[in-house]
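**Student:** Sequence plus the predicted model coming up.
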2 protein chains.
Amino acid sequence: MRPRSATLTEQELEIMKIVWDREPATVRDVFEILLERRKQESRSLAYTTVMTMMKILEQKEYLRKDESDRAFVYRPTQPKGTVIGAMVREFVNRVFNGSAEPLLVHLVEEHNLSKDDLDEIARIRGKQ
Amino acid sequence: MRPRSATLTEQELEIMKIVWDREPATVRDVFEILLERRKQESRSLAYTTVMTMMKILEQKEYLRKDESDRAFVYRPTQPKGTVIGAMVREFVNRVFNGSAEPLLVHLVEEHNLSKDDLDEIARIRGKQ
DNA sequence: CGCCTAGTACTAATTTTTTAGTATGAGGCG
DNA sequence: CGCCTCATACTAAAAAATTAGTACTAGGCG
């Protein structure tokens, strides 16, 4: 039996990022942004596809919908940081067996993070 | 049209990690390790499932198979660091729109990376 | 008022990913 | 030699993830 994804799937995340950005957002809001992006890469998208995805996100309790004037408006139930944090944790677990250091090394070596960036983070971190 | 995953899927990665570890590995090698893990969580696994996955990995050219005494032996075509690096990049793109810093912040704030760890990384990084 | 638009609910198809069954063959061994 | 084990090739089913169609409704507006 194939298990369900433990975190947001790719398309679910795509939608959640938009809703976190707008807070709240309607299906049409999300649809238009996504459609625009799809056009860039010559892919299409149906309005009802976004609707279905947002309903799924509501069922999974990532979104909550409120009656509004015309269309439903959706809001995230959890802050972005919380959900993304869980995704980072899942990634670290899955790819690096739970250890964050090797990921850090990848970031430093392959993502142009300078010593200054690290110092900056360390400084912020140190403050608390 | 749903696109294919741009990186290793979950099960593909699980297998690749084992093969990188053994180098080379047979289907049976991988099967036994995975079966053991599955047992822990009361899940089952068929030998042929692993075979199919490894054939897919061969088709995708992540693995190469060599004739051997009894069973085929499989070797990775690319070093672990390269492939995992690509996965990190894909993750950063997908989740953080390509910017590594916010991921770094998550790591520092939620994965018990101390200032010392950062210093250590910065030192290694600085050396080159 | 009747029509068009925007929205929703419901249903379902498609593709990917994961899983496994069946048939077949090679080789050791009693 | 005949059987049993292990491996492979081939086929395909099941589940998840993604995509979309159809029917229906409310509301604006000509």
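**Tutor:** That came in fine, so what should we check first? Residues are numbered from 1 along each chain as shown, chains lettered A, B, ... in the order given.

**Student:** Quick check: which ranges of chain A have low pLDDT?
**Tutor:** A:126-128 (pLDDT under 70).

**Student:** Outline the domain layout of it.
**Tutor:** Following automatic domain parsing, one finds the domains of chain A at A:10-76, A:80-127.

**Student:** Of all these, which one is nearest DNA strand C?
**Tutor:** With C-beta to the nearest atom of the strand as the criterion, DNA strand C lies closest to domain A:10-76 of those, at 3.4 Å. The way it works is simple: take the backbone N, C-alpha and C, and place the C-beta from them, glycine included.

**Student:** now that closest one, how far from the chain's geometric center?
**Tutor:** Computed by C-alpha atoms, centre = their mean, to the nearest Å, the chain-centroid distance of domain A:10-76 equals 12 Å.

**Student:** Report the separation between the two terminal residues of it.
**Tutor:** End-to-end distance of domain A:10-76 (C-alpha to C-alpha, to the nearest Å): 17 Å.

**Student:** wait, does that domain make contact with DNA strand D?
**Tutor:** Yes. Contact of domain A:10-76 with DNA strand D (C-beta under 7 Å from any atom of the strand) involves A:10-12, A:43-46, A:48-49, A:51-53, A:56.

**Student:** Quick check: of those, which has the highest neighbour count?
**Tutor:** Within the residues of domain A:10-76 next to DNA strand D, neighbour counts (other C-beta atoms under 10 Å in any protein chain shown) peak at A:M53, which reaches 20 neighbours.

**Student:** That residue and A:E12 touch, don't they?
**Tutor:** Yes. Assessed by C-beta atoms under 8 Å, A:M53 is found in contact with A:E12 at 6.6 Å.

**Student:** Now the common contact residues for these two.
**Tutor:** Counting by C-beta atoms under 8 Å, 6 or more residues apart in numbering or on different chains, A:M53 and A:E12 have no shared contacts at all.
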